[in-house]
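Chemist: Next come a sequence and a model predicted from it.
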Amino acid sequence: MKHLFFLAATVAVLSSCSNKEDDTDPVIQYVRINGTEAPEHDLEAGQTVAVSVSLTDNEELNQVKLEIHAADDGHTHEGGGSSEPSGPNTGVWVDSRIINLDGTSAERSVNFTVPLDVAGYWHLEVLLIDREGNEAEEYVTTLHVENPDLPVVTITTNPAAVGEYVEITPGGEVGISVTASDEEGLGIIHIEVESEGGTVLFEQEYDAAGAATFTADGIAVAFPLAGHYHIHVEATDSGGLTRMAEQEVHVE
């Protein structure tokens, strides 16, 4: 896939396409996260992440883009990245840096800070373009963020999930039990069951009133039609930090 992602580079490509002589792609030699090259990196909320890159081109480099975006939907990239859905991320982490370059080689370092209220999986995608508009093969690595300050949420179903899904037939019923815990005390627990089309089958909000542990059980939800459904649970602690959890239900 081509990424003409920088305005200046795009203008250069358009102005030189008739007499382009250099068709050699630049190369991303390495991308290191806190000094380490790996397909996945374990991080913690609030941590400073040092990303260093080494880049080369046969004639002249132009720009490099480093972008962080959510990976919890299981999407993939030509340059790698996680291929397994991991459930919904907690919080939002989106960041992008563009660095101008020159010469035939460059080493650059950029610091990112993991937000305090996130947990889950993100991609770091690195894109490189030279002066003629040639693009390097993209580089992608997965950032796995742990956050011990967020509430812990467990969803239990009857019938139990088999692999990723709870599987039932149309007209069937699923029993749901939710347990949340947080050392600092819990606030609101929100439970919702909806179809992929957005039809809400069940919705309930509970006030844990500062309890360290809260359980909501005895919930029974009927699924009259075939389709794919999601059980969403959002637990917020007394400090305002939130954890999202999800269980999928497949009805056929």
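Modeler: Received, thanks.
Chemist: mind giving me the domain split of this protein?
Modeler: In terms of domains, the chain is parsed into 7-146, 152-251 (source: automatic domain parsing).
Chemist: Make a markdown table from these and add mean pLDDT to it.
Modeler: Formatted as a markdown table, the domains of the chain follow (pLDDT from 0 to 100):
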| stretch | mean pLDDT |
| --- | --- |
| domain 7-146 | 88 |
| domain 152-251 | 96 |
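Chemist: Mean neighbour count for these - can I get that in CSV?
Modeler: Bear in mind the C-beta positions are built from the backbone N, C-alpha and C, glycine included. Output for the domains of the chain, formatted as CSV (neighbours: other Cβ atoms under 10 Å):
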stretch, mean neighbour count
domain 7-146, 16
domain 152-251, 16
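Chemist: so where do the strands sit in the stretch 101-250 of the chain?
Modeler: Secondary structure of the stretch 101-250 of the chain (DSSP state E, counting those that start in this stretch): strands at 105-113, 120-130, 139-146, 152-158, 165-168, 172-181, 186-195, 200-207, 213-223, 227-237, 242-251.
Chemist: Which neighbouring elements make contact with the second one?
Modeler: The contact analysis (3 or more Cβ pairs under 8 Å, 6 or more residues apart in numbering; DSSP states H and E) places strand 120-130 against strand 27-33, strand 48-56, strand 61-70, strand 139-146.
Chemist: please redo it, this time with the cut-off set to 10 Å
Modeler: Counting contacts by 3 or more Cβ pairs under 10 Å, 6 or more residues apart in numbering; DSSP states H and E, strand 120-130 packs against helix 7-16, strand 27-33, strand 40-44, strand 48-56, strand 61-70, strand 95-100, strand 139-146.
Chemist: so which of the ones you listed comes closest to Val249?
Modeler: Closest to Val249 of the helices and strands packed on strand 120-130, according to Cβ to Cβ: strand 61-70, at 22.7 Å.
Chemist: chain center to the closest one, what's the gap?
Modeler: Between the centre of strand 61-70 and the centre of its host chain there is 16 Å, according to Cα atoms, centre = their mean, to the nearest Å.
Chemist: List the neighbouring strands of that strand plus their orientation.
Modeler: Using DSSP bridges, strand 61-70 pairs in its sheet with strand 95-100 (antiparallel), strand 120-130 (antiparallel).
Chemist: so which of the helices and strands packed on strand 120-130 comes closest to Trp122?
Modeler: Trp122 lies closest to strand 139-146 among these, at 4.5 Å (Cβ to Cβ).
Chemist: Tell me the gap between the closest one and the middle of its chain.
Modeler: Distance, centroid of strand 139-146 to centroid of chain: 8 Å (Cα atoms, centre = their mean).
Chemist: Next: stretch 165-184.
Modeler: Worked out by Cα atoms, centre = their mean, stretch 165-184 lies 24 Å from the chain centre.
Chemist: Figure out the length between the terminal residues of it.
Modeler: End-to-end distance of stretch 165-184: 32 Å, with Cα to Cα, to the nearest Å as the criterion.
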